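In: Predicted coordinates and the sequence they were generated for:
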Amino acid sequence: GENVEQHPSTLSVQEGDSAVIKCTYSDSASNYFPWYKQELGKGPQLIIDIRSNVGEKKDQRIAVTLNKTAKHFSLHITETQPEDSAVYFCAARKGMNTGFQKLVFGTGTRLLVSP
Amino acid sequence: DAGVTQSPTHLIKTRGQQVTLRCSPKSGHDTVSWYQQALGQGPQFIFQYYEEEERQRGNFPDRFSGHQFPNYSSELNVNALLLGDSALYLCASSLGPGSGYTFGSGTRLTVV
């Protein structure tokens, strides 16, 4: 079945630095890759997503890149701020528009941004 | 506009008991998916409900069952609770089974 590996498990950066989180998926049929931010006591919140027909997507300080050949995708956060501190999860899914497809999550990265 | 609402927020049960968790989807959403998140892990898919039917199921035993009502709200039932069922249970709603999710804040279940 589908498997998603995520690393690093923890990442500590200074405010203003960049942070990169990487994921690898196993099922080449996966075509939708969302990233979620989970703060303490809350559910995951979608922060950005990318589909397999796109190589890169940006939204202000956040960007996601996808390498379909290597089955890798990465989250890039620039100019990090203390409020970026949270656990970040990548996920993968097949058949975005064909229904009944589950999200498979990575194991999470705890990002700590120090002032 | 309310997002996904889950109740209760916290729950403590004894091993062997049964529990029911509830979820109201985001306004306009018709599909509900349930996930189990163990401490320090990513969410694991339990099942998805659409048009009041279970459409897809993850690798969870039959002790886990659910229901979707005509107003799209949903329940997750777990029978014969085990200590290993202790986790955060997340409900996610979407407009159609293939659309992006909105997650609730979850129900923290502790089995003692």
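Out: Nice, I can see it.
In: So which elements touch the lowest-mean-pLDDT helix or strand in chain B?
Out: When each helix and strand of chain B is scored by mean pLDDT, DSSP states H and E, strand B:53-57 comes last, with a mean of 90. Judged by 3 or more Cβ pairs under 8 Å, 6 or more residues apart in numbering or on different chains; DSSP states H and E, strand B:53-57 is in contact with strand B:44-50. No exception for glycine: its C-beta is placed from N, CA and C like everyone else's.
In: so what secondary structure elements neighbour the strand it packs on?
Out: strand B:31-37, strand B:53-57, strand B:64-68.
In: before we move on, back to that, show me the contact partners of the least confident helix or strand of chain B.
Out: Applying Cβ atoms under 8 Å, 6 or more residues apart in numbering or on different chains, the external contacts of strand B:53-57 come out as A:99-102, B:45-49, B:66, B:68, B:97.
In: how about a cut-off of 10 Å?
Out: With contacts defined as Cβ atoms under 10 Å, 6 or more residues apart in numbering or on different chains, strand B:53-57 is touched by A:99-102, B:31, B:33, B:45-50, B:64-68, B:97.
In: count of neighbours near B:Glu51?
Out: 11 (other Cβ atoms under 10 Å in any protein chain shown).
In: brain fart, B:Glu53
Out: Using other Cβ under 10 Å, B:Glu53 has 9 other residues around it.
In: Please tell me how far it sits from B:Glu75.
Out: To B:Glu75, B:Glu53 is 14 Å away according to Cβ to Cβ, to the nearest Å.
In: and if you look at A:Thr24?
Out: Distance, A:Thr24 to B:Glu75, using Cβ to Cβ: 36 Å.
In: circling back to that earlier point, for PyMOL, write the selection for the buried entries among the contacts of strand B:53-57.
Out: Of the contacts of strand B:53-57, the buried ones can be selected in PyMOL as follows, counting by 16 or more other Cβ atoms under 10 Å in any protein chain shown:
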select buried, (chain A and resi 99+101+102) or (chain B and resi 31+33+45+46+47+48+49+50+64+65+66+68+97)
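In: quick one: low-confidence ranges for the chain?
Out: Went with chain A since none was named. Scanning chain A with the threshold set as pLDDT under 70 gives A:1, A:95-100.
In: wait, chain B
Out: B:1-2.
In: same thing but 90
Out: Scanning chain B with the threshold set as pLDDT under 90 gives B:1-2, B:40, B:55-56, B:94-101.
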